[in-house]
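Trainee: Got a sequence here, can you model it:
(2 chains)
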Amino acid sequence: MLVDDTNNSNSDSSPLLKMKGLRIEGLSDKGWQEIVCGIDLQLNRGEILGLIGESGAGKSTIGLAAMGFARDGCRIIDGEIDFDGIELRKAPEWQKRKLRGTRISYVAQSAAAAFNPAHRLIDQFTEGPVDHDLLSEVKAKEKGRALYRSLDLPDPDYIGERWPHQVSGGQLQRMMVAMSMSCEPDLIIFDEPTTALDVTTQIEVLKTIKEIVIDKNVAAIYITHDLAVVSQLADHLMVLRYGNLIEVNSTGQILKSPKQEYTRNLLDARSRNEKITAQIPNPKTLLSVESVTAGYGKGPDILQDVSILVERGRTVAVVGESGSGKSTLARVVTGLLPARFGGIHFQGEPLPDELNNREKQQLQKVQMIYQLPDIALNPRQRVRDIIGRPLSFYLGLQGKEKEQRINELLQQIELPQDYIDRLPGELSGGEKQRICIARALAAEPELIICDEVTSALDSIVAKAILNLLQRLQNELGVTYLFISHDLDTVANIADQVVVLYAGRVAEQGSKSAVFQPPFHPYTRLLLSSVPEMRQGWLEETLSTREAKAGIAREVKITEQGCPFAERCPISIEHVCVGSRPPLQTTTSGHVYACQHAKKVLLRESQH
Amino acid sequence: MQKTLKNLSSAPLSAKFGMVVIFIYLVVAIFAPLIAPYGEREILGKAYELMSSEHLLGTDNLGRDMLSRLIYGARNTIGLALIITALAFLIGSLTGMTAAALGGWIDQLLSRIVDIFMSIPALIFALLILSILGTAMPYLIGTIVIVDSTRVFRVVRASAMNVAVMDYVEVARLRGEKLPWILRKEILPNITAPLLAEFGLRFCFVFLFISALSFLGLGIQPPTADWGSMVRDNATLISYNDITPLIPAGAIALLTVAVNFVVDWMLHKSSGLKDVS
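Mentor: Got it, this is the predicted structure:
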């Protein structure tokens, strides 16, 4: 692998990108601290390298350094960055600017934030090649349309004329990938391009990336914390932690025989650890949502005729893609959004629709944990006040008693007692989420609504949070309404599963009934879209019927017929579009909405 | 206490300068009767006497000691500006945060009322009200407070809006917290940075506004000393190449600059901005 590349910098045998002893410092409250500690890296043409690790591992910093760039508050202090014979650390700014965009391009995590909302998509596509004098505007637009077509984007001739807010999140991310190809670079850096997406959309974006990289023989650095995703693409993997290299090897080797403990932890974090539902003698209904229809303002019904039963001491998971109405359901239960029709019973008594009409005691019994702990904790309040407020508000605890209870709660969420005087800014993401859990527990609730509580966390941290939630349920008997789009997470924690699609219940029942054949066609699509930790999974999935029928279509709310019909591989012509699917109930309490009989679904599931 | 001292010593030069200036102004304002060589309203000699050892800055158009009036003027003008700014902030931030937290028709109503006030130029509005009601102190204060609270309202509402959509505010609402608690504990601590900046700016504007009104004869009424009216009273001297009228004007300018230096620094600190270099 070591080739002397001082003279023949353009030969194909020399690596495209070479980093040696790269060290980068970042500015923190304690002054300059090393965040990348001596990394060596080598990337050949046409190869994909996966950088993997938790947040704070230095992945993005290394990715940006490959362009000779350091963010504000960061500085490269040592090492070599050699891109195709050009030493980027010594290169003058104008030379680096010429490289960026033309020979190295960058795809950011959030396409929604990376596109300029004030320009049409095609104009942003042409900006690179036109500014760098590579193509005329007309030629660049032509190229854009050709690229959109080859990537199977809908309506390729005109989609570029739209504004960024007029296309869906997944499409926007794919437009971003297309844009990175506008100057035909040698190297593309992908920084968590699918992390914010649904599993179904993720597949489409992965497919696009794979096509681009392989067809055009581009080299790529793919940054992510999700091993399953990156193993679909990368030839080699680098595992990083706190700016240090843990392990580097071919993807196959890492998956099969990881050498380091930390890598094994990363692999384990994705493995299923299914909860076995314990029998509860004469279960009592805690919450029942009865035929609820709800929507915002004068808009359409986001939830249509949704009924859900939650038993005390159980975990009911609500799953579905974005736009399926999961969070709206949470808002209805908490009283933030009064239902248009239908109602909610809690502990056998009707719960007022409006938050303002609920009594303190009713509010106390339903608590909520949010997706983003960063904005769920007031940055100006100390842990003492955050956890202490529900204690004094609901239970009237003061002084010593209160302090003691706060310490107990900190112990329960496995945080040291001296955290009591910290501000949220002094906590990590996982610790913040633990504080949110403690705040919910402080109220001594019956029901905790968990809205995507692990989606924003790294896999290892997420797993620890799930274990904590499960332990608390075992010890305290709390009930969870667990909203998630991640089926792995749901499999780990749920007893009952409700699958929502376009505001309607597609299927609900015990986890075993929902996650085992016969499948509802939508559940099957979701299950088959969850990346598996093995190479070749992506190709297999893309060749299935579900993929061809339309993995990533926007969730559309329909007034009549089955909303899933146009994505369904087994929809019955003229029937599914026209009439509502009947709710079918089987003996075990498993309910699903489909025209097909159970026998047919079972047969189809074996395909 | 130690922490505060440490904070102060780490301030940049501009902020230190500002703090020293403000401190001097405060001392002068508070201890005016002890510092001033003569009384505020005493007529001591001829009009427009030149600077001398007896009258360090000369005398004004009525033969009163210029330095003494400057010192008493600090007390009147700064005191009044502080009272007005504080009141404007009380009203403006209360209504602004309420509008942001509640939204809906309350927000609409308050915002439209503010729009109406904002559509009339401040000075003309004040002149109109003061000509109708007269120039007694309560009317003067009330008029400027109303005008300025509308400006505060807009700034506070805009920054509070960004905070009100945060999940932690929703948590408080779900807990059943009442409005005052949400405003005081959840929203206010998170908008202190823009509020501070606005306070400094607003204080200067109010200060200039009072001086402007005094200059026009509708502000602080004689014989009470005030920097704005002192400029007007002695304005004719400019024609004779005498800088006396510029001294009270300079006092106004210096304080304005000093306050802004300090506010800039506090804003920089509380917004968590860090120097990168």
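Trainee: going forward, measure contacts and count neighbours with C-alpha atoms only.
Mentor: Fine.
Trainee: list the helices and strands the helix or strand hosting residue A:500 packs on?
Mentor: Per DSSP states H and E: residue A:500 is located in strand A:496-501. In this structure, strand A:496-501 makes packing contacts with strand A:315-319, strand A:504-510, helix A:511-515, judged by 3 or more CA pairs under 8 Å, 6 or more residues apart in numbering or on different chains; DSSP states H and E.
Trainee: Go ahead and confirm residue A:562 touches residue A:576.
Mentor: Yes. Taking CA atoms under 8 Å as the definition, residue A:562 is a contact partner of residue A:576 at 5.6 Å.
Trainee: Looking at those two, which is more packed in?
Mentor: When residue A:562 and residue A:576 are compared for neighbours, residue A:562 comes out ahead with 26 against 22, by other CA atoms under 10 Å in any protein chain shown.
Trainee: Tell me the bridge partners for residue A:368.
Mentor: residue A:449 (DSSP bridges).
Trainee: Specify the angle between the strand holding residue A:500 and strand A:504-510 in degrees.
Mentor: Computed by axes from the mean of the first three to the mean of the last three CA atoms, to 10 degrees, the angle separating strand A:496-501 from strand A:504-510 equals 160 degrees.
Trainee: List of residues touching strand A:496-501?
Mentor: The contact list for strand A:496-501 (CA atoms under 8 Å, 6 or more residues apart in numbering or on different chains) reads A:308, A:314-321, A:324-326, A:490, A:505-511, A:514, A:523, A:555, A:563-564.
Trainee: how far out from the middle of the chain is it?
Mentor: Distance of strand A:496-501 from the chain centroid (CA atoms, centre = their mean, to the nearest Å) equals 18 Å.
Trainee: do stretch A:106-122 as well
Mentor: How far stretch A:106-122 lies from its chain's middle: 19 Å, per CA atoms, centre = their mean.
Trainee: Now name the helix or strand holding the most centrally placed residue in chain B.
Mentor: Geometric centre of chain B, nearest residue: residue B:203, 2.0 Å, by CA atoms, centre = their mean. Residue B:203 belongs to helix B:192-215 when assigned by DSSP H and E.
Trainee: what element comes up after that helix heading to the C-terminus?
Mentor: Immediately after helix B:192-215, counting by DSSP H and E, sits helix B:227-233.
Trainee: helices and strands around that following helix, which ones?
Mentor: Using 3+ CA pairs under 8 Å, 6+ apart, helix B:227-233 sits against helix B:66-102, helix B:192-215, helix B:246-270.
Trainee: now with 7 Å?
Mentor: When contacts are defined as 3 or more CA pairs under 7 Å, 6 or more residues apart in numbering or on different chains; DSSP states H and E, helix B:227-233 packs onto helix B:192-215, helix B:246-270.
Trainee: At the contact with chain B, which residues of chain A appear?
Mentor: Contact residues (CA under 7 Å from any CA of the partner chain) of chain A with chain B: A:73, A:360, A:363, A:364, A:375, A:376, A:377, A:378, A:380.
Trainee: Rounded mean pLDDT for the helix or strand where the fifth one lies, please.
Mentor: Secondary structure from DSSP H and E places residue A:375 in helix A:373-376. With pLDDT averaged residue by residue, helix A:373-376 scores 90.
Trainee: Just say helix, strand or coil for residue A:390.
Mentor: Using DSSP: H, G, I helix; E, B strand; the rest coil, the structure places residue A:390 in helix.
Trainee: Show the pLDDT at it.
Mentor: With respect to pLDDT, residue A:390 has a value of 95.
Trainee: same deal with residue A:280?
Mentor: At residue A:280, pLDDT is 68.
Trainee: Also residue A:23?
Mentor: pLDDT for residue A:23: 91.
Trainee: Could you list the low-pLDDT ranges of the stretch 1-150 of chain B?
Mentor: Confidence mapping of the stretch 1-150 of chain B against pLDDT under 70 gives the ranges B:1-3.
Trainee: Quick check, the residue in the stretch 301-450 of chain A closest to chain B?
Mentor: Residue nearest to chain B within the stretch 301-450 of chain A (CA to the nearest CA): residue A:376, separated by 4.3 Å.
Trainee: Chain neighbours aside, what residue packs nearest to residue A:347?
Mentor: residue A:286 (4.8 Å; CA to CA, 6 or more residues apart in numbering or on different chains).
Trainee: So what are the sheet partners of the strand holding residue A:500 and their directions?
Mentor: Paired neighbours of strand A:496-501 in the sheet (DSSP bridges): strand A:315-319 (parallel), strand A:504-510 (antiparallel).
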